[in-house]
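In: need a structure here:
(one chain, ligands or ions: 1)
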Amino acid sequence: AVIHRADYRPPAFWIDSVELCFDLDPQKTRVLNRMRLRRNPSMPAEALRLHGEELNLARVLVNGQGASFKLEDSHLVLENLPEGHEPFDLEVFTTCAPAKNTKLMGLYVSNDSFFTQCEAEGFRRITYFLDRPDVMATYSVLIRADKAKYPVLLSNGNLVEQGELDAGRHYARWVDPHRKPSYLFALVAGSLVAREQRITTRGGKDHLLQVYVRPGDLDKTEHAMNSLMASIAWDEARFGLPLDLERFMIVATSDFNMGAMENKGLNIFNTKYVLASQATATDVDYANIESVVGHEYFHNWTGNRVTCRDWFQLSLKEGLTVFRDQEFSQDLAGEPSARAVRRIEDVRVLRTAQFPEDAGPMAHPVRPDQYLEINNFYTVTIYEKGAELVRMMQTLVGREGFARGMKLYFERHDGQAVTCDDFAQAIADANPDSPLARLLPQFKRWYSQAGTPRLSARSRWDAASGTYSLTLSQSCAPTPGQPVKEPFVIPVQLGLLDASGAALSNGLHVLTQESETLTMSGLSSEPVPSILRGFSAPVCLDYPYTDAQLLLLLAHDTDPFNRWEAAQRLALHRALQAVRDSGHVELDAPFIEAMRGVLRHPQLDAAFKELVLTLPSETYIAEQLEVVDPQRIHAVREAMRQQLATALRHDWEWAYEAHHDTGAYRPDPRSTGRRALAGLALTHLCLAARLSGDPVWPGKTLQRFKDAANMTDRFNALSALVTSGHPLAAQALDRFHGQFKDDALVLDKWFALQAGAPDRGGNILPLVKQLMQHPDFNIRNPNRARSLVFSYCSANPGAFHRTDAAGYVFWSDRVIELDAINPQVAARLARALDRWRRLVEPCRSAAREAIARVAAKPDLSNDVREVVTRALAD
Ligand code: ZN
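Out: Down below sits the predicted model:
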């Protein structure tokens, strides 16, 4: 049944404390749950309805006595509870089967260890409970298990007792000093080892930090531990938020639906975001680990100390915490140019993943009004767009004002379960004279209205009077259920450059009306506007830039974001022109010279050059078009890359020679940027060689692949051979597999690279099908499923959207297959056809048919059903 935000009611009962006792067994785990409850005095008396899912109920006692109860569609209902407001005890005894739990929600087994995932609604798969975030309790957890198989027993909080039991079993008791909602509960048991670090924080408190992994992986935990220490220091320095625990643990598991989970004091992570060594992880992996470790740690305050009243408020914690992890990564990057690189990367994610979501059938506000399955709302809109909303607030109150707002937020709400409104109110109240405070009700439309606003700018130049005027207008297309949109508050960071590229002005204009005109006089020549500097709002900017203006911005803008953006626009204009021109591309000399100028620029950072020389993605190009022909877009982008490769061959050679390092590996922004640019150069050199038949660079690339001292260089070389379709790719892939066959995360890269490679005559789908039969493929492991199936269906549009519909048939088979195993993963895959309506025929009809085929399956999960129903709705 669809749940509505407007239907929120506080619970009729509170649960003050929980005592859990686990007897762990993969086939049949016994869970004894003793709760202390009381009626919520501010709600009328009603029956207690506890959530439960796939549980076997053995016993229910109220104040130690047998009690009458009913089981009603996955609820345990107790009608005859003691009246009055005195607390009472409720004891529930259930069993569950962790080994059969392929959904990876609740308590499950992975590699012979036990893990839990409770957010959003997994705790009800462990025991009957009021499994909603506004019910906060203190937890005491006793874990009993076989000592040889499960030497390590962990839960939230502090270890207060441990010891031996008979029959080779042992126990541990954990007590969490903080009240928490059930979604933050965690338990881990298994054969694990930990890297440990003791730290003293500012107030002189000692803490124990631990990163738990499988034996053998300990040498890959240093970066995660360093990232954790950096996160702790950063949150204290930037926001005055200290670590409030004696012990903080991170545990890695290779079976995990998402990235990681912020369980109080016991974060559980996908191994992908923990394990790194220079031999097995790329620079991108290192950066991701830093940001995910930071993200989960920052949740300790934004999410755990102050949590969500209900799941419609998810962005309260996720948008804010993504904003915090982005700021953390920027602050660690240090120099302004390295910060800008991070910002560009974040915006790229927003524009290639969130903008399409906001324009498709699953579009929803940052604070949704309804859902069928909450797991479908862990989206780029909630996370990344939510982070942009927080960023706009910071822009409107200033960095210090924002820190003041955070302080007030915690003063008001520490220990509470609150709403997005409460957060915005605190930021505004701490800054009463800010535009945010003045415009708060209008600003909050960002939370309630879905869709990406379009910001149109039009300029007029009056040479006679030296007057320049810029009219800014906003509009927002309808989204499902929201036909009409009210104007947003759009902070527009705006600069003007003169004809020589010198800066004339820079300032923030806060657009609130549908249309406003800014006028500047006393100018001697027509200026060039640099609009939306730093991407100051999550909007789609439409301004009829000429090539000359873009070239000027690319050469001279002081804002690195818009400098990059100018190059993207130059490339995008050409790509769109070529797509309209039946796919014909011939890159012009000025564009090529501009790219050469950036590549050879004496001052620009390598990382920035790499971003500029990377063409807009196929997905981003597609988003600009009314009718999308993915194969044509792919062909156009490939042709552009090929021409850049050939025309700049000597410059790429220079770039490679000048940037490939041989020294010790360090994943800092500078060396990361150098490796990225060297990698891009290799790819282009292999592409150029493909056309010219020159064997030198492919040979060098193979040698580089073999000799590489780190995974970044090795993988970039492999990828250059594979994406250029060179015959040497086959032996390199074989060698890579042989070398890393025991490292699951590296094998994921091996699968993903092949499934994501450019299609040549329809060769990728047969290859993907063949790889599904590979002994290392296992669709039950989410990372592996993503590396092969998602890399093909969601990340390789040119290969997936086949006119013979075979890609879609494959997709529907996999969605159905996965839905029986893991509905969350299946529903993610189902989203690959979100934008089917814009596809060119015959793709469009074929895609609709494939979606309908999935929708026709009788017992779909809520997760997949919600996605396909919305996709087909008009
Ligand atoms: Zn999060």
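
In: So the closest residue to residue 731 other than its chain neighbours: helix, strand or coil?
Out: Nearest non-adjacent residue to residue 731, counting by Cβ to Cβ, 6 or more residues apart in numbering: residue 702, 7.8 Å away. Every C-beta, even on glycine, is put in place using the N, C-alpha and C of the backbone. Assigned by DSSP: H, G, I helix; E, B strand; the rest coil, the conformation of residue 702 is helix.

In: quick one: residue 702 and the ion, what's the gap?
Out: Distance of residue 702 to the ion, given as Cβ to the ion, to the nearest Å: 41 Å.

In: That residue contacts residue 732, doesn't it?
Out: Yes: if you go by Cβ atoms under 8 Å, residue 702 and residue 732 touch, sitting 6.1 Å apart.

In: Please enumerate the shared neighbours of those two.
Out: Common neighbours of residue 702 and residue 732, using Cβ atoms under 8 Å, 6 or more residues apart in numbering, are 717, 721.

In: Report pLDDT for residue 203.
Out: Looking at residue 203, its pLDDT stands at 86.

In: what's residue 860 in contact with, if anything?
Out: For residue 860, the contact set (Cβ under 8 Å, 6+ apart) comprises 819, 854, 868.

In: Relative to the ion, which of those is nearest.
Out: Closest approach to the ion among the contacts of residue 860 (Cβ to the ion): residue 819, at 25.0 Å.

In: thinking the closest one is in contact with residue 861, fair?
Out: Yes: counting by Cβ under 8 Å, residue 861 is a contact partner of residue 819 at 5.4 Å.

In: and these two? which has more neighbours close in?
Out: residue 819 (23 against 20; other Cβ atoms under 10 Å).

In: With adjacent residues omitted, what lies nearest to that one?
Out: residue 826 (3.9 Å).

In: chain center to whichever strand or helix holds that neighbour: distance?
Out: Here residue 826 is covered by helix 823-830, with elements defined by DSSP states H and E. For helix 823-830, the distance from its own C-alpha centre to the chain's C-alpha centre is 15 Å (Cα atoms, centre = their mean, to the nearest Å).

In: List the contacts of it.
Out: By Cβ under 8 Å, 6+ apart, helix 823-830 touches 103-105, 257, 373, 375-376, 782, 785-786, 789-790, 793-794, 811, 814-816, 818-819, 854, 861-864, 866-868, 871.

In: So for stretch 844-860, what gets flagged as buried?
Out: The neighbour-count check on stretch 844-860 (16 or more other Cβ atoms under 10 Å) flags 844, 846, 847, 848, 850, 851, 853, 854, 855, 857, 860 as buried.

In: what angle separates whichever strand or helix holds residue 849 from helix 823-830?
Out: Remark: residue 849 resides in helix 843-855, with elements defined by DSSP H and E. Relative orientation of helix 843-855 and helix 823-830, computed by axes from the mean of the first three to the mean of the last three Cα atoms, to 10 degrees: 160 degrees.

In: what pLDDT, on average, does helix 843-855 get?
Out: Average pLDDT, helix 843-855: 98.

In: Also stretch 27-34?
Out: Mean per-residue pLDDT for stretch 27-34: 98.

In: ok, residues contacting that stretch?
Out: In contact with stretch 27-34 (Cβ under 8 Å, 6+ apart) are residues 18-23, 89-100, 107, 114, 126-129.

In: still on that earlier bit, turn the contacts of residue 860 into JSON lines, columns for distance to residue 765.
Out: Shown next, in JSON lines, are the contacts of residue 860 (distance: Cβ to Cβ, whole Å):
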{"residue": "819", "distance to residue 765": "21"}
{"residue": "854", "distance to residue 765": "18"}
{"residue": "868", "distance to residue 765": "22"}
